[in-house]
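Participant: generate a structure from the sequence data that follows.
(chains A, B, C, D, E, F, G and H)
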Number of protein chains: 8
Amino acid sequence: MELTVYLAGQIHDNWRDKVKQIAQAKNLPLTFVSPQTNHDRSDDIGEAILGEQPGALYKDDAASDVNNFRTQVLMQKADIVIALFGEKYKQWNTAMDASTAIAMNKPTILIRPTSLIHPLKELSNKANVTVETVEQALEVIAYIYE
Amino acid sequence: MELTVYLAGQIHDNWRDKVKQIAQAKNLPLTFVSPQTNHDRSDDIGEAILGEQPGALYKDDAASDVNNFRTQVLMQKADIVIALFGEKYKQWNTAMDASTAIAMNKPTILIRPTSLIHPLKELSNKANVTVETVEQALEVIAYIYE
Amino acid sequence: MELTVYLAGQIHDNWRDKVKQIAQAKNLPLTFVSPQTNHDRSDDIGEAILGEQPGALYKDDAASDVNNFRTQVLMQKADIVIALFGEKYKQWNTAMDASTAIAMNKPTILIRPTSLIHPLKELSNKANVTVETVEQALEVIAYIYE
Amino acid sequence: MELTVYLAGQIHDNWRDKVKQIAQAKNLPLTFVSPQTNHDRSDDIGEAILGEQPGALYKDDAASDVNNFRTQVLMQKADIVIALFGEKYKQWNTAMDASTAIAMNKPTILIRPTSLIHPLKELSNKANVTVETVEQALEVIAYIYE
Amino acid sequence: MELTVYLAGQIHDNWRDKVKQIAQAKNLPLTFVSPQTNHDRSDDIGEAILGEQPGALYKDDAASDVNNFRTQVLMQKADIVIALFGEKYKQWNTAMDASTAIAMNKPTILIRPTSLIHPLKELSNKANVTVETVEQALEVIAYIYE
Amino acid sequence: MELTVYLAGQIHDNWRDKVKQIAQAKNLPLTFVSPQTNHDRSDDIGEAILGEQPGALYKDDAASDVNNFRTQVLMQKADIVIALFGEKYKQWNTAMDASTAIAMNKPTILIRPTSLIHPLKELSNKANVTVETVEQALEVIAYIYE
Amino acid sequence: MELTVYLAGQIHDNWRDKVKQIAQAKNLPLTFVSPQTNHDRSDDIGEAILGEQPGALYKDDAASDVNNFRTQVLMQKADIVIALFGEKYKQWNTAMDASTAIAMNKPTILIRPTSLIHPLKELSNKANVTVETVEQALEVIAYIYE
Amino acid sequence: MELTVYLAGQIHDNWRDKVKQIAQAKNLPLTFVSPQTNHDRSDDIGEAILGEQPGALYKDDAASDVNNFRTQVLMQKADIVIALFGEKYKQWNTAMDASTAIAMNKPTILIRPTSLIHPLKELSNKANVTVETVEQALEVIAYIYE
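Facilitator: Numbers count the residues shown, from 1 in each chain, chains lettered A, B, ... in the order given. A predicted model of the protein is given here:
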């Protein structure tokens, strides 16, 4: 049974590559999808398509049109959502994607360091499973195939 | 037409009182509901009901059971959701409540300072309206009654 | 049994007043809701709340945020939708509101002159009932109370 | 990841061919579906199947039965909807298809010339992305595959 | 707890009056709604509102527009549906209303004589409860209030 | 685009074979599913699996458990429903299947002889298209592929 | 804000009276609904309405028709579900009602003794909150009104 | 037509193997999925992934996070659910899975011995079909392919 996994979370390091390597090492038949991981591209995509906007607010709104379009297409295709929180950045998109996934009844795994237990406690409580590492998240998915 | 408004957002100052005063001044027939606004009570509610838990993680999980129960009951009763972001705190519950409301097709107003335009751009784009002050949020609601 | 009726359609004449007078004459226990019928107010509401925008596109987008918010709140409260098309104007909001109502399973009455039979044929086919006058639309609703 | 795209909009020029050519040039794995693009066939399909009807209204209603059946089947299969508005024609079917798609949570791209910014402002505001050219619409979809 | 009950079924005798009398005798806080029970009015309502149609098919289609509109409004308001089948007539509207109610998760009671056990067996199997008399149907509803 | 078509209706003649032959002649990529068409098997399936039941009512209820199970599985897989009514039999299962399909937003074609226009008028009005012959029904589906 | 609470669980002692007394003592504006709590009445209701059945299986099926009808009506009206498990009895109806409530997104509180932690662990994990006493369950609900 | 079948029920004997053998003998194109059938693994999976927990309650809650995640993924993929009850064990997970499946409109077959007719009567009444043996359950599914 092939499953599609949406990888929500920050785009400042290569954690998604690590997820894919572990999945491959475990021979899990997973397809991964995710938001745009090139940060500049993500910020600039609105103007790249629609042309220059009259200020930061409008540039951001144009970019988010396209980013939200992408996320909606891919999350509707996903069977599972993994949302990773790190110690840096506000990560409101991660919270938004995880919350949306849960409201859509997508089985959802939260990854967060122990330092974030308290501020993420309500979201963690709504997710199916909360773990601390990407290895653990893949163990949760691998369990489906046992 | 009476409407119920859920007020999501930080619980560190009295912004909800201000919302209610403006609504009263405008004679809007609104009922307001919200998360627990006593911060200590919110953190302690799990242990207050279930007794001492074996560590911070478990205390937090017990508290979030009860907080999420409350939010689910009240948000299902709400016709409108206002979600306020301020410059301090991680505010992941605010992001979670706003995202859940949007996924439930609840008409949603985001309030955020201009300093947060960029990090909130995707959530702002999904909300119906984004404003900067509680006064503006109430103007949006008052417009329904014109 | 009290019913709420959303009156979608152009805001250039007083057809909604006529609807209300007929309903009153027939003693129908109906509450009517509608989009903003003051055309200038509708166009200006975004800037009225958010301040001046950098051009027509942005002014329009700000206004439509608030107009769509209002429509979503009121249509979710409506038991019935009446959508009136006249011979003038593009009336894409009327088509949008009628289509949205039908997709939400709201019982929907279309009012259109015979001159518009052809261009409205698919939308008319999806609506529950299509009539030519507001009198007829109220007769359809009055039939519920027979 | 193969995606199906419904192309709503006028059927008076070959804009859909242009969409397909660009998609092919970009090597996007897309399947395109659309309403009947032969205008006469679309108008006559009711009588072609059911025989002559007693007047224009009935001919139109018979045709729209079959056209709406086709649209419902194909839109339920679509992952994405593109709706193109041009400067001519009433295009109420385009507004109907776009609004229905949005109500069904289908990610939706609106294409419209700048001359239509104002009359389409509310529908544009509800769509995920609004662009001015088919090239831009395909750039939005191509972004999913980056 | 007040409940609204939709009474689907033939309109050739006064079984609905009997239902109401029993409910009153039992002091059940029920509101009853139903299709148009004046048979001629039900058949003629399309032409009564829209004017003469060009033949029986078109007269019937116009009438059913209005009858289906009424049923949709009232069934959406109903908490419970009773559908009564008798030994005469085709009663396809009764089957349609009962099936629609079941698909909408409306708790549904079927009343049918023993002579119809076999032809109604699949519909009876999908309904919550099948009984043979209106008295029994009201006993089922009265049980809610015990 | 392959589509699955559920063929609801009487099981006393071979109309489904005719549907399949026409589809094959037209080269339509359709898969057909249907209720059990062996009438005795359909009536006896409950006792065939569960053993003898204590009377006709219980035999019928056991059979309809299995028949409804089959229909639910297959209709959930269907993209389109064709429901055929003939002049004989009560055909309440056909009315039930068509009504359920419509309530599930399955695009639905009704086939009925002109003699049944009046008693089927409300159900016909809710279906997408009503035709008189299986040939016409297949023309409606073929139109999707034009 | 008045809320309706469905009290699922065994009907062998008066725990529901205790719930009501505590709610009254706390002045909570709650309406309580529940399954039939007279055990014999619950077992006999099918035959009481439909007459003697040909054996225990059929008597039970007739009773459960009426009991499930009652539960469906009342649970659809409920804002909150409390499900109480005790140490005796199989209590599969309690598990069924709690699971159905959770699948319907009804906020759900589980009450169970510590002796049942292990066998109820998956259901407890899906409920919003799990407590050990009716007092605690009412504290959870009272928290909504703080 | 390939179908996926979720096999809910106790994990203390090899009844699932028997199901698969019968399906193979009948040449049914079925894919079977199920909960974790290694009982110790199921109980320990939480600690296996997350590390030691501070007591039995927390170990159980961690395990059920992962077990519920697995069930949600697999049940969403299932076209049919079989739920088997035996004479031993509390089997609340079986009741939970069957009830959830029914609430999700998954066609559901219950297998239970005659000794459990009474305590399972309401759940049995909500399932599509209730049988006594795995052979019978497969006969029900085989009937789809006749």
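
Participant: from here on, contacts and neighbour counts on C-alpha atoms
Facilitator: Noted.

Participant: now the longest helix along chain A: mean pLDDT?
Facilitator: Scanning chain A for the helix with the most residues, using DSSP state H, yields helix A:56-77. Averaging pLDDT along helix A:56-77 yields 98.

Participant: what's the local residue count around residue A:68?
Facilitator: The number of residues packed near residue A:68 is 22, by other C-alpha atoms under 10 Å in any protein chain shown.

Participant: tell me the contacts of it?
Facilitator: Contact analysis of residue A:68 by C-alpha atoms under 8 Å, 6 or more residues apart in numbering or on different chains lists B:122, B:126, D:128.

Participant: narrow the residues you listed to those in helices?
Facilitator: If you go by DSSP H, the contacts of residue A:68 have B:122, B:126 in helices.

Participant: switch the contacts of residue A:68 over to a markdown table; also include pLDDT and distance to chain A.
Facilitator: What follows is the contacts of residue A:68, written out as a markdown table (pLDDT from 0 to 100; distance: C-alpha to the nearest C-alpha, whole Å):
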| residue | pLDDT | distance to chain A |
| --- | --- | --- |
| B:122 | 98 | 5 |
| B:126 | 98 | 8 |
| D:128 | 98 | 6 |
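
Participant: quick one: check the longest strand seen in chain A for contact with chain D.
Facilitator: The single longest strand within chain A, with elements called by DSSP state E, is strand A:3-9. No. If you take C-alpha under 8 Å from any C-alpha of the partner chain as the test, strand A:3-9 misses chain D, and the best it gets is 10.1 Å.

Participant: for that strand, which outside residues touch it?
Facilitator: With C-alpha under 8 Å, 6+ apart as the test, strand A:3-9 has contacts from A:16, A:29-35, A:74-75, A:77-85, A:91, A:93-94, A:97-98.

Participant: how is the residue of chain A found nearest chain C assigned, secondary-structure-wise?
Facilitator: Of all residues in chain A, residue A:54 sits closest to chain C, at 6.5 Å by C-alpha to the nearest C-alpha. Secondary structure, DSSP: H, G, I helix; E, B strand; the rest coil: residue A:54 is coil.

Participant: next, give phi and psi for the residue lying closest to it once chain neighbours are set aside.
Facilitator: The shortest distance from residue A:54 to any non-neighbouring residue, by C-alpha to C-alpha, 6 or more residues apart in numbering or on different chains, is to residue C:54 (6.5 Å). The phi/psi pair for residue C:54 (degrees, to the nearest 10) reads phi -80, psi 50.

Participant: my read: residue C:54 touches residue A:53, true?
Facilitator: No. Residue C:54 is not in contact with residue A:53 according to C-alpha atoms under 8 Å; the separation is 9.4 Å.

Participant: which of these two has more neighbours?
Facilitator: Remark: of residue C:54 and residue A:53, residue A:53 carries more neighbours, 16 against 12, as counted by other C-alpha under 10 Å.

Participant: contacts only, for the closest residue to the more buried one other than its chain neighbours.
Facilitator: Computed as C-alpha to C-alpha, 6+ apart, the closest residue to residue A:53 that is not its neighbour in sequence is residue A:59, at 5.2 Å. Residues near residue A:59 by C-alpha under 8 Å, 6+ apart: A:44, A:46, A:47, A:52, A:53.

Participant: gap between the most far-flung residue of chain A relative to its centre and chain F?
Facilitator: Note on chain A: the largest C-alpha distance from the chain mean falls to residue A:54, namely 30.0 Å (C-alpha atoms, centre = their mean). Distance from residue A:54 to chain F, counting by C-alpha to the nearest C-alpha, to the nearest Å: 44 Å.

Participant: with residue A:1 instead?
Facilitator: 19 Å.

Participant: tell me, how many residues neighbour that residue?
Facilitator: 11.

Participant: what sits closest to it if chain neighbours are left out?
Facilitator: Nearest non-adjacent residue to residue A:1, counting by C-alpha to C-alpha, 6+ apart: residue A:29, 7.2 Å away.

Participant: now do the contacts for the one you found.
Facilitator: By C-alpha under 8 Å, 6+ apart, the residues touching residue A:29 are A:1, A:2, A:3, A:23.

Participant: got a winner among those for most neighbours?
Facilitator: When those are compared by neighbour count (other C-alpha under 10 Å), residue A:23 ends up highest, at 20 neighbours.

Participant: residues making contact with whichever strand or helix holds that one?
Facilitator: Using DSSP states H and E, the element containing residue A:23 is helix A:15-25. The contact list for helix A:15-25, computed with C-alpha under 8 Å, 6+ apart, reads A:7, A:29, A:30, A:32, A:134, A:135, A:138.

Participant: for the fifth one, which non-adjacent residue is closest in space?
Facilitator: In space, not counting the residues next to it along the chain, residue A:134 is nearest to residue A:19; the distance is 6.3 Å by C-alpha to C-alpha, 6+ apart.

Participant: and for that neighbour, the neighbour number?
Facilitator: Look at residue A:19: counted by other C-alpha under 10 Å, it has 18 neighbours.

Participant: list the contacts of the closest residue in space to residue A:136 that isn't next to it in sequence.
Facilitator: In space, and not counting its chain neighbours, residue A:136 is closest to residue H:49: 5.9 Å by C-alpha to C-alpha, 6+ apart. Residue H:49 is in contact with A:136, A:139, A:140, counting by C-alpha under 8 Å, 6+ apart.

Participant: please apply the same query to residue A:86.
Facilitator: For residue A:86, the contacting residues are A:10, A:112, A:113, by C-alpha under 8 Å, 6+ apart.

Participant: now for those, which sits with the most neighbours around it?
Facilitator: When neighbours are counted by other C-alpha under 10 Å, residue A:10 leads the contacts of residue A:86 with 23 neighbours.

Participant: now do the same for the closest residue to that residue other than its chain neighbours: its pLDDT.
Facilitator: The shortest distance from residue A:10 to any residue other than its chain neighbours is 6.5 Å, reached at residue A:91 (C-alpha to C-alpha, 6+ apart). Note for residue A:91: predicted pLDDT of 97.

Participant: close enough to count as contact, residue A:91 and residue A:85?
Facilitator: Yes. If you go by C-alpha under 8 Å, residue A:91 and residue A:85 touch, sitting 7.1 Å apart.

Participant: please enumerate the shared neighbours of those two.
Facilitator: Both residue A:91 and residue A:85 are in contact with A:9, A:10, where contact means C-alpha under 8 Å, 6+ apart.

Participant: would you turn the contacts of helix A:15-25 into CSV with secondary structure, pLDDT and distance to residue G:103?
Facilitator: Converted to CSV, these look like this (DSSP: H, G, I helix; E, B strand; the rest coil; pLDDT from 0 to 100; distance: C-alpha to C-alpha, whole Å):
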residue, secondary structure, pLDDT, distance to residue G:103
A:7, strand, 98, 26
A:29, coil, 98, 29
A:30, strand, 98, 27
A:32, strand, 98, 28
A:134, helix, 98, 29
A:135, helix, 98, 30
A:138, helix, 98, 26
